[in-house]
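1. Take this sequence and fold it.
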Amino acid sequence: MRLRPPARTLALVGFMGSGKSATGAWLADRLRLPLIETDELIEQAAGKSIARIFAEDGETAFRELETAAVRQATQAQGAIISAGGGAVVRQENMQALQAAGPVIWLQVSAATVLERTQGSDRPLLQVPDPGAEVERLLAQRTAAYAHADAAVPTDGLTPEQVGESVFSCLGQEGRAVYFLGEPVRVPVALAEGGYEVHVGPGLLARLGELIPPPHDGARAAVIADAALAETYAATVREALHAGGWEPSLHLLPSGEASKNLAQAGELSAELAAAGHDRGSWVFAVGGGVTTDLGGFVAAIFMRGLSLVTIPTSLLAQVDAAVGGKVAVNLPQGKNLVGAFHQPRAVVADVEALKTLPAEEWAEGLAEVIKHATIADLEMFQYLEHSVQLVRQAQPRALQYLVARNCQIKAEVVARDPQEQNWRAVLNFGHTVGHAVERASESWGLGHGAAVALGMVAETRWAEARGLTPSGAAERLSALLTRAGLPSSAEGLDLEQARQALRADKKLRSGKLALPVLTAPGEVRLEPGVSLTDLEPALDFLE
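-> Take a look at the predicted model:
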C-alpha cells in the first residue's frame with residue numbers, strides 16, 4: 001500500500017451530546033495536540049455567544065460563521081477538531097475537514113442526547129418538544145454524518161472508551177497513522193525473504209524491543225561514527241543491553257576519509273579481538289559513511305554477519321540504508337570495492353535528524369525531491385505545499401517522507417536487486433550532478449546542491465529534446481528553491497564540468513540509460529545517451 005502524506009487534523013463530527021468535546025480533549029491530551037472547537041472560534045469571531053447569534057442574527061448567519069471557522073480550523077498543522085453538530089450538513093464543510101485529515105462520526109441515540117443535554121441552553125432545543133426535535137434533526141443529518149471516514153458508537157461509553165475506538169480507526173487510516181507516534185514499517189521484498197524498515201520518532205531507545213535477540217546471550221557489534229559516541233551510539237548500546245543483547249561498541253573516525261580498506265580491516269580485527277563469531281550481529285549507527293563501512297564489514301567478516309542499519313542522517317535514511325549496496329573507497333575512486341549485503345532490518349529514528357547541520361539537510365532534501373520527482377506526484381505536491389515543515393523537522397512530516405522514500409527505493413530495488421537496469425532511474429540528476437560537484441571542489445559545492453543542479457540541468461536538456469513535457473523543469477526549480485537548494489550555478493567552470501562529465505563511470509558500451517521525466521512523479525529510461533549528447537545540459541546552469 002502506497003504511504004499517504006500525513007493528515008493535518010483529526011476531526012470529530014456528530015450530533016450534540018455525542019461527546020465530541022470530551023472525547024476530543026482526551027485525544028488531544030493523549031496525542032499531545034491542541035483541541036480546536038469550531039463553536040469557540042465562532043464565538044470569538046462574532047464577539048458573542050452562540051445563543052445570542054441565533055437570537056439576534058439567525059441560523060443562516062451562524063452557519064456562515066461556522067463555515068469560516070471550519071476553514072480556519074483545517075489550516076492547523078496538527079490538531080484535533082471538534083466540529084459543531086450541524087457543521088457537516090454543508091457539503092463544503094465536510095469536504096474541507098476531509099481534505100485536512102480523517103473525519104470520525106461519533107454516533108449517538110436520541111435518548112442519550114436528551115439525557116446528556118438535559119438543562120442546557122442549546123438554541124436548537126429551545127422548543128416545546130425537545131425529544132421530537134432531536135429525532136427530526138438526527139434523521140435529517142444522518143446522511144451528512146455518514147460521509148465521515150469512520151463511525152464510532154458512543155452510547156453508554158466514557159470519553160476514554162470512545163477515544164480508544166477512535167485510536168483503532170486511526171490505525172486503519174493511512175494519513176492518520178503519523179499521529180500515533182508508532183513506527184511505520186516499510187517491507188523490502190527480496191528473493192531471499194526481505195526485511196522491514198522501521199521509521200518513527202524515539203526508535204533508538206526502543207531498539208532492543210524492535211530487534212529482539214535471536215537467543216540468550218546474542219552478541220551485537222555496534223559500529224558507530226565517533227562523533228556519536230556519547231549520543232546515539234550510547235543510546236543504541238544501552239537499548240540493546242536492556243533488550244537482552246550483549247553489545248560491544250566500535251568507533252570509527254568521522255568523514256569520508258575513513259571509508260577505506262584499511263579502516264575495514266581495523267574494524268574486522270576489533271570484532272575478532274572482541275570475540276565475535278558468525279552468530280554475532282552488526283548494528284551500523286551513523287550517516288552514509290558509517291552504514292556503508294559497517295555494512296561492508298558485516299559482509300566480509302567471517303563471510304557475512306547479520307546486519308541492522310541505523311541511519312542518523314536524512315540522506316542515509318531515505319537512500320543509503322535501503323538497497324544492500326555496501327562499499328569502501330580506493331585512491332582511484334569512490335565505492336570501488338564493495339558487495340551486495342542486505343540488512344536484516346533498518347531502523348530510522350526521525351528524532352536523530354533534529355541535530356543535522358544545514359549541508360546534511362540539503363543532501364537529504366535533494367534525494368527526497370529526486371524520489372518525489374521520479375516516482376510520486378502526491379509526494380511532490382505535498383513538498384510543494386509543506387517543504388517548510390520538513391526544514392523545521394516536524395516529526396510527522398519527516399516520518400512520512402522517510403518512510404515513503406524508503407518505500408520508493410524498496411520498490412526499485414525489488415525490481416532490480418543486482419542493479420542490472422531499472423535501478424538506473426535512481427541516478428536522476430546524478431550524472432550531471434556528479435560532474436558539477438567535481439568541477440566545483442575549489443568552492444565547496446555540497447553533494448545535495450550538486451544533485452539539485454543536476455536534476456534541473458538534465459530536465460531542461462530533456463525538455464529541449466522533446467523527451468520531457470515543457471514546464472517540468474520550471475516546476476522542479478521552484479520546489480528546489482523553496483527547499484533552500486540551488487537551481488542555477490553562476491560561476492561554474494563549464495569546461496571543468498565537461499571534463500568531469502566525460503569521466504562518468506556509469507557507461508555501458510560507451511552509452512548510458514538516462515532517467516528522463518515523462519511528467520512530475522513519472523520517469524523512464526532513455527537508452528543510448530552518450531556523454532557527448534549530454535554535455536549541452538551543463539549550459540542550462542549558466
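2. now the longest helix anywhere in the chain: how far from the chain's centre is it?
-> When the chain is parsed with DSSP state H, its longest helix is helix 395-415. Put simply, helix 395-415 sits 7 Å off its chain's centre (C-alpha atoms, centre = their mean, to the nearest Å).
3. list the buried ones in that helix?
-> Residues of helix 395-415 classed as buried by neighbour count (16 or more other C-beta atoms under 10 Å): 395-410, 412-413. No exception for glycine: its C-beta is placed from N, CA and C like everyone else's.
4. For Pro486, give me its contacts.
-> Taking C-beta atoms under 8 Å, 6 or more residues apart in numbering, we find Pro486 in contact with Ala449, Ala452, Leu453, Leu480.
5. between the residues you listed, which has the most around it?
-> Ala452 (33 neighbours; other C-beta atoms under 10 Å).
6. Kindly export the helix or strand hosting it (C-alpha atoms) in PDB.
-> Using DSSP states H and E, Ala452 maps to helix 447-464. Output in PDB follows, covering the C-alpha atoms of helix 447-464 (Å, rounded to 0.1, in the frame of the first residue of the first chain):
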ATOM      1  CA  HIS A 447      26.600  17.000  -2.900                       C
ATOM      2  CA  GLY A 448      22.900  17.900  -2.300                       C
ATOM      3  CA  ALA A 449      23.300  21.200  -4.100                       C
ATOM      4  CA  ALA A 450      25.100  19.500  -7.000                       C
ATOM      5  CA  VAL A 451      22.300  16.800  -7.400                       C
ATOM      6  CA  ALA A 452      19.700  19.600  -7.300                       C
ATOM      7  CA  LEU A 453      21.600  21.400 -10.200                       C
ATOM      8  CA  GLY A 454      21.900  18.000 -12.000                       C
ATOM      9  CA  MET A 455      18.200  17.400 -11.800                       C
ATOM     10  CA  VAL A 456      17.400  20.800 -13.300                       C
ATOM     11  CA  ALA A 457      20.000  20.600 -16.000                       C
ATOM     12  CA  GLU A 458      19.000  17.100 -17.100                       C
ATOM     13  CA  THR A 459      15.300  18.000 -17.100                       C
ATOM     14  CA  ARG A 460      15.900  21.200 -19.200                       C
ATOM     15  CA  TRP A 461      18.000  19.100 -21.600                       C
ATOM     16  CA  ALA A 462      15.200  16.600 -21.900                       C
ATOM     17  CA  GLU A 463      12.700  19.300 -22.400                       C
ATOM     18  CA  ALA A 464      14.800  20.800 -25.200                       C
END
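7. Who are the packing partners of it?
-> Of the remaining helices and strands, those touching helix 447-464 by 3 or more C-beta pairs under 8 Å, 6 or more residues apart in numbering; DSSP states H and E are helix 358-375, helix 430-439, helix 472-482, strand 512-519.
8. Same list (these) but as a markdown table, adding distance to Asp319.
-> Formatted as a markdown table, those follow (distance: least, C-beta to C-beta, whole Å):
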| stretch | distance to Asp319 |
| --- | --- |
| helix 358-375 | 5 |
| helix 430-439 | 11 |
| helix 472-482 | 17 |
| strand 512-519 | 15 |
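9. Among those, which comes closest to Val322?
-> helix 358-375 (10.9 Å; C-beta to C-beta).
10. List the buried residues for the closest one?
-> For helix 358-375, a neighbour-count test (16+ other C-beta under 10 Å) marks 360-375 as buried.
11. Can you tell me which of these is nearest His276?
-> Glu360 (30.5 Å).
12. Excluding sequence neighbours, find me the nearest residue to that closest one.
-> Nearest non-adjacent residue to Glu360, counting by C-beta to C-beta, 6 or more residues apart in numbering: Ser313, 5.3 Å away.
13. Ok, Thr38 next?
-> Among residues not flanking Thr38 along the chain, Ala69 sits closest, at 4.3 Å (C-beta to C-beta, 6+ apart).
14. The one you found contacts Glu43, correct?
-> No. The pair Ala69 / Glu43 is not scored as a contact, 9.4 Å apart, by C-beta atoms under 8 Å.
15. separation between Arg391 and Leu512?
-> Arg391 is 33 Å from Leu512, where distance means C-beta to C-beta, to the nearest Å.
16. More neighbours: those two, which one.
-> Set Arg391 next to Leu512 and count neighbours by other C-beta under 10 Å: Leu512 wins out with 23 against 16.
17. and the more buried one, how far is that from Ala372?
-> Applying C-beta to C-beta to Leu512 and Ala372 gives a distance of 23 Å.
18. ok, now Pro417?
-> 23 Å.
19. Flag every buried residue along stretch 177-193.
-> For stretch 177-193, by 16+ other C-beta under 10 Å, it's Val177, Tyr178, Phe179, Glu182, Pro183, Val184, Val186, Val188.
20. Inside strands: which ones of those residues?
-> Val184, Val186, Val188 (DSSP state E).
21. Contact partners for the second one?
-> Contacts here follow C-beta under 8 Å, 6+ apart; on that basis Val186 touches Leu3, Glu196, Val197, Val199, Ala403, Cys406, Gln407, Ala410.
22. Tell me the one among those nearest to Glu209.
-> Glu196 (14.0 Å).
23. Quick check: that closest one is in a strand.
-> Yes. Counting by DSSP: H, G, I helix; E, B strand; the rest coil, Glu196 is part of a strand.
24. Would you pull up how far the helix holding Ala452 lies from the middle of the chain?
-> With C-alpha atoms, centre = their mean, you get 23 Å for helix 447-464.
25. cool, stretch 274-293 as well?
-> With C-alpha atoms, centre = their mean, you get 25 Å for stretch 274-293.
26. try stretch 22-37
-> Using C-alpha atoms, centre = their mean, the offset of stretch 22-37 from its chain centre is 24 Å.
27. Check stretch 360-368 too.
-> 13 Å.
28. re earlier: so which other helices or strands are in contact with the helix or strand hosting the residue nearest to Thr38?
-> Assignment of secondary structure by DSSP H and E places Ala69 within helix 59-73. For helix 59-73, the packing partners by 3+ C-beta pairs under 8 Å, 6+ apart come out as helix 38-46, helix 50-56, strand 79-82, helix 91-100.
29. could you give the mean pLDDT of it?
-> The pLDDT scores in helix 59-73 average 96.
30. what's it in contact with?
-> Counting by C-beta under 8 Å, 6+ apart, 9, 36, 38-39, 41-42, 45-46, 50, 53-54, 79, 81, 83-84, 86-87, 90, 92-93, 96-97 sit against helix 59-73.
31. Report the buried residues of that helix.
-> Under the neighbour-count criterion of 16+ other C-beta under 10 Å, helix 59-73 has Phe62, Arg63, Leu65, Glu66, Thr67, Ala69, Val70, Ala73 buried.
32. which among those residues gets closest to Ala339?
-> Using C-beta to C-beta, Ala73 comes nearest to Ala339 of these, at 53.0 Å.
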